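> Give me the fold of what follows.
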Amino acid sequence: MLEKDYEFPPLYILASLQKPYNIFEVEECFRRTGEELKIILPSEQECIDYMVYTQLQSIVKDEDLAITEAYELYNKFCELDCPQELVAWVHISDLIDNFQYEDNYKC
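Here you go, the predicted structure:
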């Protein structure tokens, strides 16, 4: 927003934060900036959905990265405490393991 010449004090504060970051300060500043600019922040689920969507898009665009990206999605599934709507990634991960390390003709 600053690059597009928005002039708003909370943006300057947020942009001026430097390492080492205090996570509480960053979150508070980010929340306050969003509220003052009347920006509706996406829900955690919307963020997860978008992250999964973008990774799936990268698989479609570059088939050579398919296995790497699929493993990354599986790892994120685990980090998110295994949400039920993403449980299919366990099966996909098992199929990839089977393809890479066992008899490929079984897949």
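> Give me the longest helix you can find in this structure.
Longest helix in the chain by number of residues, with DSSP state H as the criterion: helix 44-61.
> now the most centrally placed residue in the chain: how far from E85?
With distances taken as Cα atoms, centre = their mean, M51 lies nearest the centre of the chain, 3.9 Å away. From M51 across to E85, the span is 13 Å (Cβ to Cβ, to the nearest Å). Every residue, glycine included, has its C-beta placed from N, CA and C.
> ok, which stretches of the chain are helices?
9-16, 23-36, 44-61, 66-79, 88-101.
> got a list of contacts for the third one?
Spelled out, that is helix 44-61. 42, 65-66, 69-70, 72-73, 76, 80, 83, 86 (Cβ atoms under 8 Å, 6 or more residues apart in numbering).
> ok, so of the residues you listed, who is nearest S16?
P42 (24.8 Å; Cβ to Cβ).
> Now that closest one: closest residue in space, sequence neighbours ignored.
Y50 (7.3 Å; Cβ to Cβ, 6 or more residues apart in numbering).
> so how far is D62 from the one you found?
Counting by Cβ to Cβ, the gap from Y50 to D62 is 19 Å.
> what about L95, neighbour count?
Applying other Cβ atoms under 10 Å, we find 13 other residues in the vicinity of L95.
> how close does the nearest residue to Y74 once chain neighbours are set aside get to F77?
Nearest non-adjacent residue to Y74, counting by Cβ to Cβ, 6+ apart: S93, 4.3 Å away. From S93 across to F77, the span is 8 Å (Cβ to Cβ).
> next one: Q57
Remark: distance between Q57 and F77 (Cβ to Cβ) = 17 Å.
> which of these two has more neighbours?
F77 (21 against 11).
> right, and the more buried one touches V90 too?
Yes. F77 is within contact range of V90, at 7.4 Å (criterion: Cβ atoms under 8 Å).
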